[in-house]
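Participant: just a sequence and a predicted model for now, questions to come.
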Amino acid sequence: MKIQLYGIPNCDTMKKARAWLESQRVDYEFHDYKKLGIERARLETWIRAVGWEVLLNRAGTTFRKLPDAAKANLTEAKAAKLMLEQPSMIKRPVLERGKTLLVGFSPEKYAALK
């Protein structure tokens, strides 16, 4: 089953995940959501699977630079809108393999996919 890896190429965590996949000779397809964006339906599927709180990268520069009003009183709908408008607010990487969805990079979790 094909692995889809979502993120942005210059992210350090993305670089670690891609290097690990390549060192393990795992075939994957990379989706740069800074260039290609993210489909609303896919983001909604992810939110149902892991929750918007897991997906929203509050520690990232893009989120931190938002005005306080945009960060206040977050709801699922508000968070989804932010992530659709600025996909770099989605935690990275997001790995999809069939019904399996991993957010963030963990060599142990990635190894369990093999």
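Facilitator: Arrived safely, thanks for sending. Numbers count the residues shown, from 1 in each chain.
Participant: would you map the helices across this protein?
Facilitator: 12-23, 40-50, 52-55, 61-64, 68-71, 76-85, 107-111 (DSSP state H).
Participant: which among these is found nearest to K99?
Facilitator: helix 40-50 (8.4 Å; C-beta to C-beta). (C-beta placed from N, C-alpha, C; glycine too.)
Participant: please report the distance of the residue sitting furthest away from the middle of the chain from G60.
Facilitator: Residue farthest from the centre of the chain, counting by C-alpha atoms, centre = their mean, is A69 at 23.8 Å. For A69, the distance to G60 (C-beta to C-beta, to the nearest Å) stands at 18 Å.
Participant: ok so, going back, so which of the helices of the chain comes closest to R92?
Facilitator: Across those, closest to R92 is helix 12-23 (C-beta to C-beta), at 5.2 Å.
Participant: for the closest one, what is the average pLDDT?
Facilitator: Averaging pLDDT along helix 12-23 gives 96.
Participant: in it, what's buried?
Facilitator: Buried residues in helix 12-23, counted by 16 or more other C-beta atoms under 10 Å: 14, 17-18, 21.
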